[in-house]
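Undergrad: here is a sequence together with a model predicted from it:
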Amino acid sequence: MRAGKVAGVQLIFNNWFLALVVLFAFAGLAGKALAVFAAVLWHEAAHAAAATVLGYRVREIELLPFGGVARIDRADTAGAASEIIMAAAGPLASLVLAAAVYLARAAYPAHALWLDFYYQVNITLAGFNLLPALPLDGGRILRALLALRWDWSEATATVAGFGKLLAVGLVAAAGVGLWRSSTVNLTFLVAAAWLFYAARAETATAGFRSMRILANKKAELTARGVMPTVHVTALASVRVSEVVRLFGPEQYYVVLVVDGDCRLRGALTETEVWEGWPERGFSSRIGDFL
C-alpha cells in the first residue's frame, strides 16, 4: 500500500507488513510492532538521506515484515566510498537512536520498560545489519573494500557466500530451538529465506554492473555534454583485464597506450575497450584494441 510521499520519496507499506501489524494488534502487541517498524523506518531514512547528499535519487522506501528497503537509483553502480557511506548510514543512525534512548531511560524512569525495549530493537537492528554478509549493510561495506583490489563480481560472490552461510546458520538455530523447546522460530526461517534469495540475486546481477555503469556514463555525457575524465597509461603488452580493473564508476576513462620506450601508440576510450572485449577477450593485450 502506498502511504504517500515524504520529501519526494514514496513510502510503501508492504501487504505482509500490514497483515503482521493486524496479527500483533490481535495479540495485544501492536504498540511494540509499530515501535519496531518506526526503528526500521529511521534506519532506512538514514540510507536515503546519505544517498541524497551524495547526489543519488531515492525513489521509495518500503517497509517489509522483517525490515525495510530504500530503493535508490544507480546505487548498484556507486563507487566504493559512496557505497560505504550509504551502507554505513543506516546502522550509524540506529546506534545514535539507541544512544538517545539509553540516555532517556534515566530521565523518564516511568517509561523504562518501553525504553529498554526500544533500545534493544535499535541495537539489534544495527548489529544484525553490520554483519559482513550480503545483502546486509556490513556486507556492502566489505564488498566495497574488497572491490578496491578484487574484481567486483569476485568480491560480490565472496560476500554473498557469507550471506548464504548466515542463512544456513539461522536455519540451524531454528532447528536447535525446535529440538530444545518444540517451538519454531519463524523470524529466523523467514530471515534465512530472504537472505539466501537476496544473496543469490546479488551474485546474478553483479556481472552486468560494468555494462550498467557504462550506460550511465554515456547517458550523463550525452545529457551534460561534459564529464570528469581520468587518464590511464598502459603498456601495449598489458592484458586488458588489468586495465579494466582500474575503471571506476564515477569518472570516464581514457587509456593512453604506450610502447616499451613509453612512446604513445594511441588512445582508447572506455567505451572502445568495453565494446572490444567480447570479440578479443579479457586475456588479450590492450595494444590489440588499437
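TA: Looks like it arrived, so ask away. For clarity, every value in this text was computed on a predicted model and none was experimentally measured. Numbers count the residues shown, from 1 in each chain.

Undergrad: what's the average pLDDT for the longest helix seen in the chain?
TA: Across the chain, the longest stretch assigned as helix under DSSP state H is helix 152-181. The average pLDDT within helix 152-181 is 87.

Undergrad: what residues are up against the residue at the greatest distance from the centre of the chain?
TA: Ranking residues of the chain by C-alpha distance from their mean position (C-alpha atoms, centre = their mean) puts Asp261 at the top, at 43.7 Å. Contacts for Asp261 (C-beta atoms under 8 Å, 6 or more residues apart in numbering) come out as none. All C-beta atoms are positioned from the backbone trio N, CA, C, and that covers glycine.

Undergrad: helix, strand or coil for it?
TA: What DSSP: H, G, I helix; E, B strand; the rest coil gives for Asp261 is coil.

Undergrad: do the one 5 residues further on as well
TA: Taken by three-state DSSP, the conformation at Gly266 corresponds to strand.

Undergrad: correct me if wrong: Ala78 contacts Gly55.
TA: No - in this structure, Ala78 is not within contact of Gly55 by C-beta atoms under 8 Å, at 9.9 Å.

Undergrad: before we move on, back to that, other SSEs contacting the longest helix of the chain?
TA: For helix 152-181, the packing partners by 3 or more C-beta pairs under 8 Å, 6 or more residues apart in numbering; DSSP states H and E come out as helix 137-146, helix 186-206, helix 209-224.

Undergrad: the shortest one: how far from the chain's middle?
TA: Spelled out, that is helix 137-146. 8 Å (C-alpha atoms, centre = their mean, to the nearest Å).

Undergrad: what sits up against it?
TA: The contact list for helix 137-146, computed with C-beta under 8 Å, 6+ apart, reads 80-81, 83-84, 86-88, 90-91, 129-134, 152, 154-156, 158-160, 162-163.

Undergrad: that one to helix 186-206, inter-axis angle?
TA: Angle between the axes of helix 137-146 and helix 186-206 is 30 degrees (criterion: axes from the mean of the first three to the mean of the last three C-alpha atoms, to 10 degrees).

Undergrad: thanks a lot, catch you later.
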